[in-house]
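Enquirer: I would like the atomic coordinates for the input below:
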Amino acid sequence: MTATAEVTTGPESRPDRVGHERVGRLRPRLPFGGRTADLAVLALVAAVTLVALLAPVLAPYDPVQPVGRLHVPVGDPQHPLGTDGIGRDLLSRTLLGLRTSWLTALVVVAIGLVVGGLVGLAAGAAGGFVDALLMRTTDLFLALPSTLVAVAVAAALGPGLLNTVIAISIVWWPFYARIVRGEVRSLVSRPHVEAARMAGVGPVRLVRRHLLPGVVPSAVITASLDVGNVVLVMASLSFLGLGQPAPAPELGADTARSLPELLAHWWIPAIPGIAVLVLSLVANLGGDAVRNLLSGRR
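Expert: Numbers count the residues shown, from 1 in each chain. Predicted structure coming up:
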């Protein structure tokens with residue numbers, strides 16, 4: 001008789017922690033896999049983005065004006081998600097709140113990626129004193145409790161969407177600076193970069209032709225995985241009253257204002273909270289899909 005040895009490989013390590021205060025990110029796994037699943041998830045992300053862009057057109061009613069009876073339950077033909085205690089249509093408010101959360105998250109991630117990417121690229125490419133100065137500054141920001149700093153900045157600047165974006169962006173760029181700097185430092189020692197330097201390639205051309213292409217994939221993957229985090233931070237700040245002032249529709253603020261009605265009219269605080277959950281879930285799935293496609297995983 002011949003014995004067959006079966007080798008079982010352990011689960012693949014998935015380091016999802018990017019910087020401090022981003023711990024234990026749980027990523028749901030789809031029941032089907034492969035490139036088709038990743039493309040389907042990206043199509044879902046594109047659909048959410050399209051809904052966010054067209055939210056003012058898709059909203060059936062004015063989100064800040066009472067348009068129906070008070071406390072209409074979910075499933076009403078005229079108000080599918082019901083109305084709140086003032087008579088405002090919850091579907092319209094949720095669509096506009098989704099627009100604010102989703103588009104603002106994309107803007108914050110883009111700002112963090114550009115600012116942090118430039119800092120990390122300059123530090124990694126220059127080395128020496130420039131590298132030490134930029135990285136110690138980055139370490140100073142990383143040492144601060146980012147959520148508390150964002151709350152403090154938003155409170156100091158006052159309620160408003162622009163102030164919220166500024167507050168989150170201030171604490172978001174250091175993560176990207178660290179990641180990009182590490183990628184650049186690993187690239188500068190590669191043979192093709194050394195050969196380019198010996199051939200007399202200037203620093204600008206060296207960065208543009210040899211360093212930047214190697215940094216972009218990891219930076220894009222990190223940014224795509226971060227959108228869900230920004231959505232949650234945005235919801236947290238608006239929940240604390242540091243987002244747009246009332247009566248502007250915002251998911252976190254709408255949940256906070258309607259919490260007293262949770263037991264009697266559960267759908268009023270629950271619907272904006274579920275919308276935040278859906279946005280975060282879609283963003284996390286989209287980040288995984290981008291990572292799989294760019295890294296060639298199947």
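Enquirer: quick check: Ala235 vs Asn284, distance?
Expert: The gap separating Ala235 from Asn284 is 15 Å, by Cβ to Cβ, to the nearest Å. All C-beta atoms are positioned from the backbone trio N, CA, C, and that covers glycine.
Enquirer: who has more neighbours out of the two?
Expert: Counted by other Cβ atoms under 10 Å, Ala235 and Asn284 do not tie: Ala235 has more neighbours, with 28 against 23.
Enquirer: so Met294 touches Thr222, yeah?
Expert: One correction, residue 294 is Leu, not Met. No. The pair Leu294 and Thr222 fails to qualify as a contact (Cβ atoms under 8 Å) at a distance of 10.9 Å.
Enquirer: the two: who's more crowded?
Expert: Using other Cβ under 10 Å, the more surrounded residue of Leu294 and Thr222 is Thr222, with 25 against 14.
Enquirer: buried sites along whichever strand or helix holds that one?
Expert: Under the criterion of DSSP states H and E, Thr222 resides in helix 212-239. Within helix 212-239, the residues scored as buried using 16 or more other Cβ atoms under 10 Å are 212, 215, 218-219, 221-239.
Enquirer: run the chain-centre distance for that helix.
Expert: 4 Å (Cα atoms, centre = their mean, to the nearest Å).
Enquirer: helices and strands around whichever helix or strand comes after it, which ones?
Expert: Downstream of helix 212-239, the first helix or strand assigned by DSSP H and E is helix 251-257. If you count contacts as 3 or more Cβ pairs under 8 Å, 6 or more residues apart in numbering; DSSP states H and E, helix 251-257 packs onto helix 90-126, helix 212-239, helix 267-295.
Enquirer: which one, of these, ends up nearest to Ala155?
Expert: Closest approach to Ala155 among these (Cβ to Cβ): helix 212-239, 9.3 Å.
Enquirer: just the angle for the closest one relative to helix 90-126, thanks.
Expert: Orientation check (axes from the mean of the first three to the mean of the last three Cα atoms, to 10 degrees): helix 212-239 against helix 90-126 gives 140 degrees.
Enquirer: list the contacts for Ala289?
Expert: The neighbours of Ala289, taking Cβ atoms under 8 Å, 6 or more residues apart in numbering as the test, are Ala37, Asp38, Leu39, Val41, Leu42, Val45.
Enquirer: now for the helix holding Thr222, which elements pack on it?
Expert: When contacts are defined as 3+ Cβ pairs under 8 Å, 6+ apart, helix 212-239 sits against helix 90-126, helix 146-157, helix 161-188, helix 251-257, helix 267-295.
Enquirer: low-confidence regions, the protein specifically.
Expert: By pLDDT under 70, the low-scoring segments of the chain are 1-33, 200-202, 296-298.
Enquirer: try it again with 80
Expert: Low-confidence segments of the chain (pLDDT under 80): 1-34, 68, 188-210, 295-298.
Enquirer: which residues in the stretch 1-150 of the chain form strands?
Expert: Under the criterion DSSP state E, counting those that start in this stretch, strands are not mapped anywhere in the stretch 1-150 of the chain.
Enquirer: so for this protein, the centremost residue is which one?
Expert: Centroid-nearest residue in the chain, with Cα atoms, centre = their mean: Val227, separated by 1.1 Å.
Enquirer: my read: that one touches Val290, true?
Expert: No. The pair Val227 / Val290 is not scored as a contact, 10.0 Å apart, by Cβ under 8 Å.
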